[in-house]
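J.: Sequence and computational prediction follow.
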Amino acid sequence: MTTAPTAAAAFRAPARLRALAALPFLLAVAAYLLLLAVWSDRLPDPLATHFSTGGQADGYTGRAAFALVGTALLLALGAGWAVFAQRNALWGAWLTAGLLGTLLCLVVGDNLDAADPARVVSPLSHLAVAAGAGAALALAGHALSRLVPEEESDGTGRPDPEAPRLDLGAGEVAGWSRATASAPLTALGLLLVAGGAVAALLGPWPLLLLGVLVGLPGLALARVRVNVDRHGLTVRSTLAPRPRVHLPLADIAGADAREVAALREFGGWGYRVRAHRTGVILRSGEALVVRRGNGREFAVTVPDARTAAALLNTLVERRGRL
């Protein structure tokens with residue numbers, strides 16, 4: 001039995017949620033372009049847009065090109081957040097827009113009244129200012145998420161006190177596969193990678209390192225495929241050979257499907273490690289939870305988790321009879 005992945009879930013967000021996800025990016029674009037327009041006669045051309053770790057200018061971009069690059073980056077990220085909007089991650093869209101929009105506006109302010117762009121200085125304290133603005137907007141986004149009604153649960157991931165089973169004959173072979181993704185992790189990974197790519201224009205070189213070391217692994221983990229077959233449970237990235245998690249049947253005592261809360265139970269998203277449990281947590285909601293022989297649990301958030309649990313339980317029982 002194989003369940004085909006579907007892309008329709010990414011587009012279920014209501015129009016109000018999409019509008020609220022795009023709004024901070026539109027506001028950031030408006031503020032950014034307004035500063036460039038109002039201060040046009042007070043800004044050098046080209047602008048100092050790249051700075052060393054000490055804050056001294058060491059890279060320059062034409063005023064029109066800088067306006068185009070900044071606007072395109074904000075609009076692209078805004079479109080991504082709007083398409084993959086989720087109610088419980090709306091704060092992430094506002095955080096992203098606040099961070100990037102503030103950095104762009106601060107670069108414009110650094111160049112104000114500069115007779116020589118080579119003498120422009122951008123202090124590292126600007127990063128703290130941008131972080132503060134991002135945090136403030138994140139709180140605003142979290143508050144605005146209350147304007148969006150919660151999606152109704154279909155009940156498929158409710159805890160089942162009777163472990164589910166599949167009715168397989170002695171000679172029958174079955175497998176289950178489903179791809180799943182996290183829109184917030186995908187957007188965050190894209191943001192970090194994009195930030196690293198434009199670090200040559202917008203900031204100090206450590207941003208490039210951050211984009212490579214954090215953004216790429218985040219993107220790899222944001223989209224995974226979950227397989228259940230006679231070999232056990234395998235969770236692997238759909239974008240790269242690693243990360244990969246494999247639990248053989250011999251290490252599985254049982255499985256069930258239940259609702260999990262990403263923040264309350266696992267402290268966030270991604271690959272999570274807790275005292276008696278680990279998991280690949282891409283969202284809150286339906287999850288396949290496997291009980292291992294050592295008493296620990298492994299969870300992966302995936303649609304149709306009940307079918308996967310039923311097949312795993314059947315395969316574990318069959319192996320025990322051999």
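T.: On my side now, so go ahead. Bear in mind the structure is a predicted one, so any value in this text is a computation, not a measurement. Numbers count the residues shown, from 1 in each chain.
J.: outside of whichever strand or helix holds Leu127, which residues touch it?
T.: Assigned by DSSP states H and E, Leu127 falls within helix 125-144. With CB atoms under 8 Å, 6 or more residues apart in numbering as the test, helix 125-144 has contacts from 20, 24, 90-99, 101-103, 106, 110. Placement of C-beta: from N, CA and C, glycine included.
J.: again, 10 Å this time
T.: 16-17, 20-21, 23-24, 27-28, 51, 55, 88-107, 109-110, 123, 203-204, 206-207 (CB atoms under 10 Å, 6 or more residues apart in numbering).
J.: Show me what secondary structure element comes after it.
T.: By DSSP H and E, the next helix or strand past helix 125-144 is strand 176-181.
J.: could you say what helices and strands that next one packs with?
T.: Counting contacts by 3 or more CB pairs under 10 Å, 6 or more residues apart in numbering; DSSP states H and E, strand 176-181 is packed against strand 223-229, strand 232-237, strand 285-292, strand 297-301, helix 305-321.
J.: Strand partners (parallel or antiparallel) of that strand?
T.: The strands that strand 176-181 pairs with in its sheet are strand 223-229 (antiparallel) (by DSSP bridges).
J.: now the strand it pairs with against strand 232-237, angle please.
T.: 170 degrees (axes from the mean of the first three to the mean of the last three CA atoms, to 10 degrees).
J.: pLDDT (mean, whole number) over strand 223-229?
T.: Strand 223-229 shows a mean pLDDT of 86.
J.: tilt between it and strand 285-292?
T.: 50 degrees.
J.: Low-confidence regions, the stretch 101-250 of the chain specifically.
T.: Scanning the stretch 101-250 of the chain with the threshold set as pLDDT under 70 gives 150-173, 187-219, 241.
J.: since we're on Thr102, how many residues are nearby?
T.: Burial of Thr102 is recorded as 23 neighbouring residues (other CB atoms under 10 Å).
J.: Ala22 contacts Ala97, doesn't it?
T.: Yes - with contact defined as CB atoms under 10 Å, Ala22 reaches Ala97; the gap is 9.2 Å.
J.: Of those two, which one has the most company?
T.: The neighbour comparison of Ala22 against Ala97 (other CB under 10 Å) goes to Ala97, with 28 against 21.
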